Structure formats: C-alpha cells, structure tokens
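Q: coords please:
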Amino acid sequence: MALNKEDLKEYTLKDFRHHLSQIVGEVNHGQKRVRVTSYGKTAGYFISEDELAYLDAIEEAYDRQEIEKILFSGLETAQKPEKADKNWWNKQIDAGLTQVQNGNLVTGEDAYARLKAKMEHRKAQPS
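A: Alright, predicted model coming up:
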C-alpha cells in the first residue's frame, strides 16, 4: 500500500472544493493521496477507503504490541522472589518509574486518556 511522493497531490481548500468530483475519482480509482491546504498550512488529507483500512490495521497491530509489552512487564514484576523484602519492592518501583519516564510504559490514567481520545476520534469519523 506504500505510495510514492508522486502519488500525493496538493490542493488549496478553494481548489479542493472546485475539483471535488475529480479528486474523488483520483483517490478512489488512482490510489492517490490528496493534501488539502488552507493559508499554506495542512488542513487535512483525503485518502481512499482501502488506504484507511490499511492504516487502521497498522494502528491495531501497534496497539496490540504496546498492550503485550505492558502485560509482559507486569508479568515480570509479578514473578517476584519467594522472600520479597523492602529493597526488592523499591527496585521494582524505581524500574517502573524509569520505564514510565522513558515512555516505555504509561500510567493507567494515561492509558485511559489515550483510549478515550481514540474512541472519541473514531466516533467523530463518518461511517
């Protein structure tokens, strides 16, 4: 599904409105991407349904990988030695905090906020 730079066309918002029928055909049949600009800044992209499905599949695969990382990390923490002392717990907390600070793990609150934002974004998308 990888498209070349030549497959990206750029239209101003005014031209996009004026050539909408032509653009729909190009995107739908020619597998083109369209970048729409307003006052020189990107206003959005127009892509085919196939490309959207492809991007959704990539996003889902990435989400599964992240969830697996978090679950695996949780399992490592859960497999504590028989005699877990205060030092062991402190090391686990420090290791977890380091992972959160480095962006390798997110807190439950962050994960909830990300999922909520993703759900709201998907609800806003026309079906």
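Q: Distance check, residue 86 against residue 125.
A: For residue 86, the distance to residue 125 under the criterion Cβ to Cβ, to the nearest Å works out to 50 Å. C-betas here are computed from N, CA, C, even on glycine.
Q: for residue 42, helix, strand, or coil?
A: For residue 42, the secondary-structure state derived from DSSP: H, G, I helix; E, B strand; the rest coil is strand.
Q: what's the closest non-adjacent residue to it?
A: residue 35 (6.1 Å; Cβ to Cβ, 6 or more residues apart in numbering).
Q: Just the C-alpha atoms of whichever strand or helix holds the one you found, please, in PDB.
A: With elements delineated by DSSP states H and E, residue 35 resides in strand 33-38, which encompasses its position. Below are the C-alpha coordinates for strand 33-38, written out as PDB (Å, rounded to 0.1, in the frame of the first residue of the first chain):
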ATOM      1  CA  ARG A  33      -3.500  10.800  -1.700                       C
ATOM      2  CA  VAL A  34      -4.600  14.400  -1.600                       C
ATOM      3  CA  ARG A  35      -3.300  17.100   0.800                       C
ATOM      4  CA  VAL A  36      -5.600  20.000   1.400                       C
ATOM      5  CA  THR A  37      -4.100  23.300   2.500                       C
ATOM      6  CA  SER A  38      -5.600  26.400   3.900                       C
END
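Q: pLDDT weak spots in the chain?
A: 1-6, 30-31, 70-84, 100-101, 103-113, 115, 126-127 (pLDDT under 70).
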